[in-house]
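[1] next input, structure requested:
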Amino acid sequence: MGEGLGTALLVLEPLGRKALVTPFVERLCVPAAVAEFYPQCEDLRKHLQSAANAGAGAAMAWTEVGRGWNRVPKLTTAIRDADAWRLEGTKTLVRWGDQAAAFLVTAQSDGNPALFLVSADLEGVETKSYPSGDGRTITDIIFRNVELPINSRMDDGYAQKVIEYALDVGAALSLAEAVGLMDGALEMTVKYLKTREQFGTALSKMQALQHRLVEMYASTECAWSLVHEAVCLLREDVPPGDRASAVSRAKAYVGRLGRILGQEALQMHGAIGMTDEYPLGRYLQRLTAIELDYGGSDWHLERLSQEMQDTGQ
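    Alright, predicted model coming up:
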């Protein structure tokens, strides 16, 4: 609709409210962020069109074994070989990688970060997928001397700023889903406490539980404000430092508080909340997983602290 990536929160918040597990962020929003910088890349545009029509699309492959949430590629390398590239290395924890027709791969090339569009069916691309705890699939990818066409490299020597932008888009928009999950878990808990009785009265009338519900409500409202601020800065023309600070501020708060809210909801439900048949478990699973998407809360808190030191705030 041409409204910019930030408005995707209007889709993700209701998806979270119903705890629907979809690849919307991974296969549409993050690749679209990359496409903002490379509108001339027809292959990427085709993958976006495919994803928009419920097709395979592309997924970003950026995490490396033993390097945590470091966004600078190091263990995956691309070497120029005449009229082709040779790609070597391993990527891990690629969300929905088993369904992707291509990967947006970060790699080192001539000592600098680079970004390649790699078809999943190329010779030398090996994948191993397994289910995650929140209903998604996770894929590890090994690139063994993969020969890539010369035009598979999308960047013009400034890939790191694109990588940072795309991953910040993923972090901020996944938090929009987390806010929906928080709101849904709170609503479910309020309804349950109104119907469940103990000592001859509804649990919702007990003051201690009312206080805990108020804390959950306040956390949800604060989370929404922080996420709204972050997604409004998901534009190419926003200074990278301003965007990074807003995204990390939201991530450090919402990631941790969302998981805690889910745990509170589970505690107030008691044993029924832990059963497979009751939907609350899905909310807690997703909130726990989202805290670790695109960098954990601790990583973002450290990035925010560093950004504040660098700017003298």
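[2] what residue in this protein is the furthest from its centre?
    Distance from the C-alpha centroid of the chain, by C-alpha atoms, centre = their mean, peaks at residue 200 (44.7 Å).
[3] per-residue confidence at it?
    Residue 200 is assigned a predicted lDDT (pLDDT) of 75.
[4] can you show me the helices along the stretch 201-313 of the chain?
    207-232, 240-269, 280-290, 297-311 (DSSP state H, counting those that start in this stretch).
[5] by how many degrees do the second one and helix 207-232 diverge?
    Calculated by axes from the mean of the first three to the mean of the last three C-alpha atoms, to 10 degrees, helix 240-269 forms an angle of 160 degrees with helix 207-232.
[6] pull the distance from helix 240-269 to the chain's centre.
    Relative to the mean C-alpha coordinate of its chain, helix 240-269 is positioned 13 Å out (C-alpha atoms, centre = their mean, to the nearest Å).
[7] could you pull out the strands in this structure for me?
    Assigned by DSSP state E, the chain shows strands spanning 58-61, 77-81, 84-95, 102-109, 112-119, 125-131, 137-149, 197-198, 201-202.
[8] would you reformat the ones you listed as CSV and include mean neighbour count and distance to residue 175?
    Quick note: C-beta positions are derived from backbone N, CA and C, even for glycine. Listed next are those as CSV, based on neighbours: other C-beta atoms under 10 Å; distance: least, C-beta to C-beta, whole Å:
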stretch, mean neighbour count, distance to residue 175
strand 58-61, 28, 17
strand 77-81, 16, 32
strand 84-95, 20, 15
strand 102-109, 25, 21
strand 112-119, 22, 24
strand 125-131, 13, 23
strand 137-149, 18, 20
strand 197-198, 12, 35
strand 201-202, 11, 33
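[9] dump those strands into CSV; add distance to residue 251 as well.
    Shown next, in CSV, are the strands of the chain (distance: least, C-beta to C-beta, whole Å):
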stretch, distance to residue 251
strand 58-61, 17
strand 77-81, 29
strand 84-95, 16
strand 102-109, 20
strand 112-119, 22
strand 125-131, 25
strand 137-149, 20
strand 197-198, 37
strand 201-202, 37
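[10] give me the low-pLDDT residue ranges for this protein?
    Within the chain, the segments meeting pLDDT under 70 span 1-2, 312-313.
[11] give me the domain ranges for it.
    39-154, 160-311 (automatic domain parsing).
[12] so for residue 26, which of the ones you listed sits nearest?
    domain 39-154 (4.6 Å; C-beta to C-beta).
[13] how long is the closest one from one end to the other?
    One end of domain 39-154 to the other measures 10 Å (C-alpha to C-alpha, to the nearest Å).
[14] how about stretch 190-202?
    Per C-alpha to C-alpha, stretch 190-202 runs 11 Å from first to last residue.
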